[in-house]
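**Q** Show me how the following folds:
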Amino acid sequence: MALRIRACVKTHPGLRRTNNEDSGFIGRRLFLVADGMGGHDFGEVASAIVARTVAYLDDHGTSFGPEGDICGAVEFADQRLARAISNNPTLAGMGTTLTAMLIHEDLIALTNVGDSRAYVLEGKELIQLTHDDTYVQMLADKGWLDPKLIPQHPQRSVLLRVLRGGDDGGTAEVTLREAVPGDRYLLCSDGLSDYVTPEAIQKALGSSRNAGKVIDRLIALAIKAGAPDNVTCVVGDVVDDDVEPTGDGEFVGSAQELGEGALEAAEQKVADAKAQGLLKSA
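**A** Reported below is the predicted structural model:
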């Protein structure tokens with residue numbers, strides 16, 4: 001018998017966005033959500049590059065173990081963003097959050113940069129596993145803001161750390177957790193967590209054994225709340241069985257739409273914008 005995570009991933013553009021800057025991925029042992037932002041609407045490029053880069057971990061492990069593997073993958077993804085911006089300065093300003101977890105034997109390595117979150121449902125208890133890298137969370141940590149005021153704060157989406165081709169990829173922190181059969185994990189972009197209460201998330205996670213149906217309910221809750229942002233969710237259950245996962249993994253959002261050609265799509269978008277006079281030619 002072997003521990004693994006049986007997961008589902010879905011995304012929705014929301015009700016006010018014309019494009020989806022989120023990316024999601026589920027594989028045999030890697031699971032992630034990335035929420036792109038900034039820089040002439042190139043957020044979808046950033047999240048696609050990072051998701052596609054980190055996803056190589058699904059098939060490739062090293063002797064450094066899951067903690068070292070996921071740290072190295074995040075740093076490499078940030079370096080790829082840096083090279084993309086260096087080759088095309090118009091992309092400067094784009095960035096993405098990343099929340100990812102990697103299961104190896106009986107361990108789960110979890111990392112996050114930004115405000116995409118990870119939760120675990122242990123029995124009936126919902127536990128937030130990640131810490132938002134936001135300005136208002138920093139104020140709350142220092143005791144300068146009541147945490148209850150964070151959801152209504154006008155600067156709640158101001159990020160202090162994000163993957164943007166700088167140094168944040170090299171400082172990603174990793175938490176190791178024991179993989180326990182029966183635990184249910186949720187990775188989500190802030191299009192869910194900013195607009196749906198923890199109590200509602202907890203209730204939805206416990207509403208069905210089918211992960212796909214659970215995600216449908218979570219997205220429906222975000223839509224009921226107005227869904228002003230893209231919404232992406234991964235729901236995965238730790239199981240102990242002999243069923244070997246198959247397939248090459250599944251991408252959703254911009255990582256699926258742009259595929260491996262994210263940079264080419266960005267270059268074409270830059271050229272089109274310059275032709276329309278929306279950007280100055282270099």
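**Q** wait, doesn't Gly114 sit right on Val74?
**A** No - in this structure, Gly114 is not within contact of Val74 by CB atoms under 8 Å, at 11.4 Å. Any C-beta I mention is one placed from the backbone N, CA and C, and that applies to glycine too.
**Q** so what's in contact with those two at the same time?
**A** Applying CB atoms under 8 Å, 6 or more residues apart in numbering, one finds that Gly114 and Val74 are jointly contacted by 98, 163.
**Q** for stretch 253-271, which positions count as buried?
**A** By 16 or more other CB atoms under 10 Å, the buried positions in stretch 253-271 come out as 253-258, 262-263, 265-267, 269-270.
**Q** correction: stretch 198-212
**A** For stretch 198-212, burial by neighbour count (16+ other CB under 10 Å) applies to 200-202, 204-205, 211.
**Q** Grab the CA positions of that stretch and hand them over as PDB.
**A** The C-alpha coordinates for stretch 198-212 follow below in PDB (Å, rounded to 0.1, in the frame of the first residue of the first chain):
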ATOM      1  CA  PRO A 198     -13.900  29.800   6.300                       C
ATOM      2  CA  GLU A 199     -17.100  28.400   7.800                       C
ATOM      3  CA  ALA A 200     -18.700  28.100   4.300                       C
ATOM      4  CA  ILE A 201     -15.500  26.600   2.900                       C
ATOM      5  CA  GLN A 202     -15.400  24.000   5.800                       C
ATOM      6  CA  LYS A 203     -19.000  23.100   5.200                       C
ATOM      7  CA  ALA A 204     -18.500  22.700   1.400                       C
ATOM      8  CA  LEU A 205     -15.300  20.500   1.900                       C
ATOM      9  CA  GLY A 206     -17.300  18.100   4.100                       C
ATOM     10  CA  SER A 207     -20.300  18.000   1.900                       C
ATOM     11  CA  SER A 208     -19.300  15.200  -0.500                       C
ATOM     12  CA  ARG A 209     -16.700  12.500  -0.900                       C
ATOM     13  CA  ASN A 210     -16.500  13.600  -4.600                       C
ATOM     14  CA  ALA A 211     -13.800  16.200  -4.900                       C
ATOM     15  CA  GLY A 212     -15.200  17.500  -8.200                       C
END
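**Q** low-confidence ranges in this protein?
**A** By pLDDT under 70, the low-scoring segments of the chain are 1, 39-41, 168-169, 278-282.
**Q** quick one, helices of it?
**A** Along the chain, the stretches classed as helices by DSSP state H are 43-54, 65-87, 135-141, 190-193, 198-205, 211-224, 254-258, 262-275.
**Q** how much does the last one deviate in direction from helix 65-87?
**A** Counting by axes from the mean of the first three to the mean of the last three CA atoms, to 10 degrees, helix 262-275 points 30 degrees away from the direction of helix 65-87.
**Q** by contact count, what packs against helix 262-275?
**A** When contacts are defined as 3 or more CB pairs under 8 Å, 6 or more residues apart in numbering; DSSP states H and E, helix 262-275 sits against helix 43-54, helix 254-258.
**Q** Looking at the buried residues of stretch 253-271, spot the one nearest Leu91.
**A** Using CB to CB, the shortest approach to Leu91 within those belongs to Ala266, at 6.0 Å.
**Q** With Ile85 as the reference, measure out to the closest one.
**A** Plainly put, Ala266 is 10 Å away from Ile85 if you go by CB to CB, to the nearest Å.
**Q** list residues touching both of these two?
**A** Counting by CB under 8 Å, 6+ apart, the common neighbours of Ala266 and Ile85 are Leu91.
**Q** mind listing the strands for the stretch 101-250 of the chain?
**A** Secondary structure of the stretch 101-250 of the chain (DSSP state E, counting those that start in this stretch): strands located at 107-113, 117-122, 125-128, 174-178, 184-188, 231-241, 250-253.
**Q** Right, I'll leave it there.
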